[in-house]
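**Q** what follows is a predicted protein model with its sequence.
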4 protein chains.
Amino acid sequence: MTFTAPDPNFRTRIAESFARQTAMQTLGIRLESVEPGKVTLAMPFAAHLSQQHGFVHAGVITTGLDSACGYAAFTLMAADAAVLSIEFKVNLLAPAKGDSFVMRGEVIKPGRTITVCEGKAYALTGGSEKLIATMSATMMTVTGRSDVQG
Amino acid sequence: MTFTAPDPNFRTRIAESFARQTAMQTLGIRLESVEPGKVTLAMPFAAHLSQQHGFVHAGVITTGLDSACGYAAFTLMAADAAVLSIEFKVNLLAPAKGDSFVMRGEVIKPGRTITVCEGKAYALTGGSEKLIATMSATMMTVTGRSDVQG
Amino acid sequence: MTFTAPDPNFRTRIAESFARQTAMQTLGIRLESVEPGKVTLAMPFAAHLSQQHGFVHAGVITTGLDSACGYAAFTLMAADAAVLSIEFKVNLLAPAKGDSFVMRGEVIKPGRTITVCEGKAYALTGGSEKLIATMSATMMTVTGRSDVQG
Amino acid sequence: MTFTAPDPNFRTRIAESFARQTAMQTLGIRLESVEPGKVTLAMPFAAHLSQQHGFVHAGVITTGLDSACGYAAFTLMAADAAVLSIEFKVNLLAPAKGDSFVMRGEVIKPGRTITVCEGKAYALTGGSEKLIATMSATMMTVTGRSDVQG
């Protein structure tokens, strides 16, 4: 699906908002690309993010997928709107084992109040890419709340 | 529901497995209590775990809920079994704003291969406790895999 | 949790809305009780609602859970509002095998736009009741849309 | 993704299993196509399947999506296996308003015990097709249970 961003300044707004997500720095997740309705994040493997078997914790991958989906929704919102996650569901298809990971969020149904997104996480090892998790997420457009901006 | 742990040594096994989850240390999440079918985790608020509005990132809360649910399932598994998350869904009821947080996982349907759990996350502020997120999760018992133990 | 219905006429509104859900009659599902934030539906086993193993189809149980959760949310809405399901997730804990079934929906977080509900379905056989499915659902309050009323 | 069915007789097995799903006949849902890893079902609009606004009930669409996903998983199972739904999540993108509907299920991760599927439901009106719902589902391979076959 092809979308048009209502706010031409959306890339700057997202970069600024992402920079305020301190969890992203803690987890080593960076913003890789931002297009209308599509956002990709990337993170290297890091030994301090593992579960008990040495793979990256499913919750860490989920954190990246949630931000990727939230910002994908955010690209289609007006300049004065904020985005909040209402819910998400994740299917874990394979252990998060790899040199690095990418998390892609994509809008599948934009809406005035509710936007539905899908996310996919991949493990990269050498030259190969493996799908390790899928997300379906519901995002909400919020305006006029002083505690929730951007 | 009341359960009996098949392995009397389950508390030690879980403490050891939890200690190997380096993500828990990175996020400041600790094991608070372990009973058959029920596990509670706790974490203080930390400024390096936030999303863009200054609340704790939903993915961080989810990481704690996933571990709480996984270990709740693990209490009911045999001594040689490992646990893997198959899927989870989270509803975010309120922003993760508080002095500290607890994440509780509980088995609602144990099974030989598949165990279904529910999780609840609470924000603690002063003396009050507020429900901020719910999880439903499917956990799998894994045996005989050399890369997945405990 | 205890709730107060903003519209004292909520029971009548729900009975009228439920009567328009022709799917309920086709599936033999009836309205059993309506309280603020809580709705219970019931259905007998019927041979024309089965999946391939002779149990009631998971989708039929889901249909009842969705209506129970939707009307539970509806009890807390204003007289001119309509309710729409945004999403739901169902965990199937046991086959839907029994003489009859009840589906209970309950509000766990009411809101102006978004209401989160949980549902539980039980199979009744003789005097015993068995939990067979759980739902978590997000419901939306809709006003001012001519195609969506009640 | 392209898959190979381990049992060359899978189309016959699915047709026979589908014929035993009496819920499909009650809802007017028919088997439209079966390929390895992919199953499509179709149903006409019917006035006795509606919710309160006159659209097809979300639970009816979900019933079709669940069967489509279950049989998609079933195409990749051995001849003596049965399939059970463990869980599914549905996002409702638009009201189920149309002349007819198709429900497509597709395997995204096959496995010995657990198979993950995605489903999409479309409303057809005149010549146009509109995505109205998505499902992510976890299916389980069951063998050696006398009450669950095919």
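**A** It's in.
**Q** when you work out contacts or count neighbours from here on, use the C-alpha atoms and nothing else.
**A** OK.
**Q** which SSE is residue A:101 in?
**A** Assessed by DSSP states H and E, residue A:101 sits inside strand A:100-109.
**Q** correct me, but residue A:51 touches residue B:21?
**A** Yes. Between residue A:51 and residue B:21 there is a contact under CA atoms under 8 Å: 4.1 Å.
**Q** list the residues that contact both of these two?
**A** residue A:57 (CA atoms under 8 Å, 6 or more residues apart in numbering or on different chains).
**Q** quick one: the next helix-or-strand element following the strand holding residue A:101 to chain centroid distance?
**A** For strand A:100-109, the succeeding helix or strand toward the C-terminus, using DSSP H and E, is strand A:114-125. Relative to the centre of its chain, strand A:114-125 is centred 7 Å away, using CA atoms, centre = their mean, to the nearest Å.
**Q** strand A:114-125 to strand C:114-125, inter-axis angle?
**A** 80 degrees (axes from the mean of the first three to the mean of the last three CA atoms, to 10 degrees).
**Q** adjacent strands (with direction) for strand A:114-125?
**A** According to DSSP bridges, strand A:114-125 forms sheet pairs with strand A:100-109 (antiparallel), strand A:128-142 (antiparallel).
**Q** just those: most buried one?
**A** strand A:100-109 (a mean of 25; mean count of other CA atoms under 10 Å in any protein chain shown).
**Q** off-centre distance for the longest helix anywhere in chain A?
**A** Longest helix in chain A by number of residues (criterion: DSSP state H): helix A:58-74. Taking CA atoms, centre = their mean, one finds the center of helix A:58-74 at 3 Å from the center of the full chain.
**Q** residue A:24: what secondary structure?
**A** Secondary structure, DSSP: H, G, I helix; E, B strand; the rest coil: residue A:24 is helix.
**Q** quick one: residues contacting it.
**A** A:18, A:30, A:64, B:49.
**Q** farthest-apart pair in the residues you listed, please.
**A** The distance between the two most remote of the contacts of residue A:24 (CA to CA) is 14.7 Å, for A:30 and B:49.
**Q** compare neighbour counts for the two and give me the winner.
**A** Set side by side, residue A:30 and residue B:49 show more neighbours around residue B:49, with 24 against 18, by other CA atoms under 10 Å in any protein chain shown.
**Q** between the strands paired with strand A:114-125, which one is nearest to residue B:82?
**A** Here strand A:128-142 is closest among the strands paired with strand A:114-125 (CA to CA), at 19.1 Å.
**Q** ok now the closest one, how far from the chain's centre?
**A** 7 Å.
**Q** and that strand with helix A:58-74, angle?
**A** Between strand A:128-142 and helix A:58-74, the angle comes out at 60 degrees (the same axes, to 10 degrees).
**Q** contacts for strand A:128-142?
**A** Counting by CA under 8 Å, 6+ apart, A:62, A:65-66, A:69-70, A:73, A:77, A:81-96, A:112-124, A:148, D:91, D:136 sit against strand A:128-142.
**Q** out of the residues you listed, which are buried?
**A** A:62, A:65-66, A:69-70, A:73, A:77, A:81-96, A:114-124, A:148, D:91, D:136 (16 or more other CA atoms under 10 Å in any protein chain shown).
**Q** hmm, back to that, run the contact check for whatever helix or strand comes next after the longest helix of chain A versus chain B.
**A** The helix or strand immediately downstream of helix A:58-74 is strand A:82-92, counting by DSSP H and E. Yes. Using CA under 8 Å from any CA of the partner chain, strand A:82-92 reaches chain B at A:85, A:86, A:87, A:88, A:89, A:90, A:91, A:92.
**Q** now swap in stretch A:54-72 and tell me
**A** Yes. Counting by CA under 8 Å from any CA, chain B is contacted by stretch A:54-72 at A:54, A:57, A:58, A:59, A:60, A:62, A:63, A:64, A:66.
**Q** can I get these in JSON lines including pLDDT?
**A** Shown next, in JSON lines, are those (pLDDT from 0 to 100):
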{"residue": "A:54", "pLDDT": "91"}
{"residue": "A:57", "pLDDT": "97"}
{"residue": "A:58", "pLDDT": "98"}
{"residue": "A:59", "pLDDT": "98"}
{"residue": "A:60", "pLDDT": "98"}
{"residue": "A:62", "pLDDT": "98"}
{"residue": "A:63", "pLDDT": "98"}
{"residue": "A:64", "pLDDT": "98"}
{"residue": "A:66", "pLDDT": "98"}
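**Q** who touches residue A:106 in this structure?
**A** Neighbours of residue A:106 in contact, by CA under 8 Å, 6+ apart: A:37, A:38, A:39, A:68, A:69, A:72, A:73, A:117, A:118, A:119.
**Q** what is the nearest of those to chain C?
**A** Using CA to the nearest CA, residue A:117 comes nearest to chain C of the contacts of residue A:106, at 12.3 Å.
**Q** so who does the closest one touch?
**A** The neighbours of residue A:117, taking CA under 8 Å, 6+ apart as the test, are A:69-70, A:72-73, A:105-109, A:136-139.
**Q** ok, now how distant is residue A:75 from residue A:16?
**A** Shown here: residue A:75 relative to residue A:16, a distance of 13 Å by CA to CA, to the nearest Å.
**Q** looking only at neighbour counts, state which of these two leads.
**A** Neighbour count, other CA under 10 Å: between residue A:75 and residue A:16, residue A:75 has more, with 28 against 13.
**Q** what parts of chain A come near chain D?
**A** Going by CA under 8 Å from any CA, the residues of chain A near chain D are A:89, A:91, A:93, A:109, A:116, A:136.
**Q** which residues touch the residue positioned nearest the centre of chain A?
**A** For chain A, residue A:68 is the residue whose C-alpha lies nearest the centre (CA atoms, centre = their mean; 1.2 Å). Residues near residue A:68 by CA under 8 Å, 6+ apart: A:38, A:39, A:40, A:41, A:103, A:104, A:105, A:106, A:119.
**Q** bridging residues for the closest residue to the fifth one other than its chain neighbours?
**A** The shortest distance from residue A:103 to any non-neighbouring residue, by CA to CA, 6 or more residues apart in numbering or on different chains, is to residue A:121 (4.3 Å). Residue A:121 has the following beta-bridge partners by DSSP bridges: residue A:103, residue A:133.
**Q** quick one: buried residues of stretch A:28-42?
**A** A:29, A:30, A:31, A:34, A:35, A:36, A:37, A:38, A:39, A:40, A:41, A:42.
**Q** hmm, back to that, for the residues of chain A next to chain D, work out which two are farthest apart.
**A** A:93 and A:109 (24.0 Å).
**Q** apart from its chain neighbours, what residue comes closest to residue A:100?
**A** Leaving aside its sequence neighbours, residue A:100 sits nearest to residue A:44 (CA to CA, 6+ apart; 4.0 Å).
**Q** and that neighbour, how far from residue B:84?
**A** Note on residue A:44: its distance to residue B:84, by CA to CA, is 22 Å.
**Q** hmm, residue A:84 is touching residue A:72, no?
**A** No. The criterion here is CA under 8 Å, and residue A:84 misses it with residue A:72 at 11.9 Å.
**Q** for residue A:91, which non-adjacent residue is spatially closest?
**A** With CA to CA, 6+ apart, the residue lying closest to residue A:91 is residue B:87, at 4.4 Å.
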